[in-house]
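[1] mind looking at a prediction? Sequence and model below.
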Amino acid sequence: MKKLAVLLFSSVCIGMGLNIFILPLHLINGGIFGISLLIKYIWGIQVGHSMIMLNTPIYFLSLLYDKSYFINAILGLVFTSTMIDLLAPLNGLLHLPILISAILGGITIGIGVGFMIRLHISPGGIDLLALLISKSKAINPGIVMFLIDVFIIIAGIIILKDLRLIYSIITISCVGLCVGLLNTFRSINFYVR
């Protein structure tokens, strides 16, 4: 029951972060979220649908590597994709300066992703890869995610030719910081019993 409550809370955080802060300003996040946002900006395909399509091969890899990660990843993907699309009406709800949106979006998404990763649940493929890498190496998943995310944002700047996407680096920094903090102090129990 706790796992489902954390999944719901985390998915709502991610959905709100993307729809309220990131999408209205055409920023991107890293990982599969970022690639899905690029697809939305270029072709108009809903983010949740793109996430499912892009994650499928990565999830099959996780099935071969670790079945428990696969099951948790499917749960994370279904909850997150659904919440992102259900909360789409929140897009444009607030009109904040781009810097504040980048920070608040990153923190909100980072809290959602961080709590999921604490339970070894992945909301998307790159996060799942980070979890698999951190399981086999002594590397914090937040650092792995950050490095991949920087690459995706640079690709977004080149593809979309929009220098405002530099603010997305602030977003992924906030996401990485939140994920790192929530997963560094594992001995602290954030959950109500």
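    Now that the structure is in, tell me what you want to look at.
[2] does anything pack onto the helix or strand bottoming out on mean pLDDT in the chain? Which helices or strands?
    Lowest by mean pLDDT, DSSP states H and E among the helices and strands of the chain is helix 125-136, with a mean of 72. On a contact count with 3 or more CB pairs under 8 Å, 6 or more residues apart in numbering; DSSP states H and E, helix 125-136 meets helix 31-43, helix 47-65, helix 67-86, helix 98-118, helix 141-160. (Glycine included, C-beta is placed from N, CA and C.)
[3] which outside residues touch that helix?
    Contact with helix 125-136 is made by 30-32, 54-55, 58-59, 61-62, 65-66, 69, 73, 76, 113, 116-117, 120, 122, 139-142, 144-145, 148-149, as judged by CB atoms under 8 Å, 6 or more residues apart in numbering.
[4] low-scoring stretches of the chain, by residue?
    Scanning the chain for pLDDT under 70 picks out 124, 127, 131, 142, 185-193.
[5] hang on, the earlier thing: show the buried residues in the contacts of helix 125-136.
    Among those, the ones that count as buried by 16 or more other CB atoms under 10 Å are 30-32, 54-55, 58-59, 62, 66, 69, 73, 76, 113, 116-117, 120, 122, 140-142, 144-145, 148-149.
[6] coming back round to it: so which of the helices and strands packed on helix 125-136 is nearest Thr171?
    Comparison of these against Thr171 by CB to CB identifies helix 98-118 as nearest, at 4.0 Å.
[7] returning to that earlier point: got the helices and strands packed on helix 125-136 as CSV, with distance to Leu132 columns?
    Output for these, formatted as CSV (distance: least, CB to CB, whole Å):
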stretch, distance to Leu132
helix 31-43, 14
helix 47-65, 6
helix 67-86, 7
helix 98-118, 12
helix 141-160, 9
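[8] among those helices, show me which one is buried the most.
    Greatest average neighbour count among these goes to helix 98-118 (a mean of 23), per mean count of other CB atoms under 10 Å.
[9] alpha carbons of that helix, as PDB, please.
    Extracted C-alpha coordinates of helix 98-118, given in PDB (Å, rounded to 0.1, in the frame of the first residue of the first chain):
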ATOM      1  CA  ILE A  98      11.500  31.300 -17.000                       C
ATOM      2  CA  LEU A  99      14.200  31.000 -14.300                       C
ATOM      3  CA  ILE A 100      11.600  30.400 -11.600                       C
ATOM      4  CA  SER A 101       9.700  27.900 -13.700                       C
ATOM      5  CA  ALA A 102      13.000  26.000 -14.500                       C
ATOM      6  CA  ILE A 103      13.800  25.800 -10.800                       C
ATOM      7  CA  LEU A 104      10.300  24.900  -9.500                       C
ATOM      8  CA  GLY A 105       9.800  22.400 -12.300                       C
ATOM      9  CA  GLY A 106      13.100  20.800 -11.500                       C
ATOM     10  CA  ILE A 107      12.400  20.600  -7.800                       C
ATOM     11  CA  THR A 108       8.900  19.200  -8.300                       C
ATOM     12  CA  ILE A 109      10.000  16.600 -10.900                       C
ATOM     13  CA  GLY A 110      13.100  15.800  -8.800                       C
ATOM     14  CA  ILE A 111      11.000  15.100  -5.700                       C
ATOM     15  CA  GLY A 112       8.800  12.700  -7.700                       C
ATOM     16  CA  VAL A 113      11.700  10.900  -9.400                       C
ATOM     17  CA  GLY A 114      13.700  10.800  -6.100                       C
ATOM     18  CA  PHE A 115      10.900   9.200  -4.100                       C
ATOM     19  CA  MET A 116      10.300   6.600  -6.900                       C
ATOM     20  CA  ILE A 117      14.000   5.800  -7.100                       C
ATOM     21  CA  ARG A 118      14.200   5.300  -3.300                       C
END
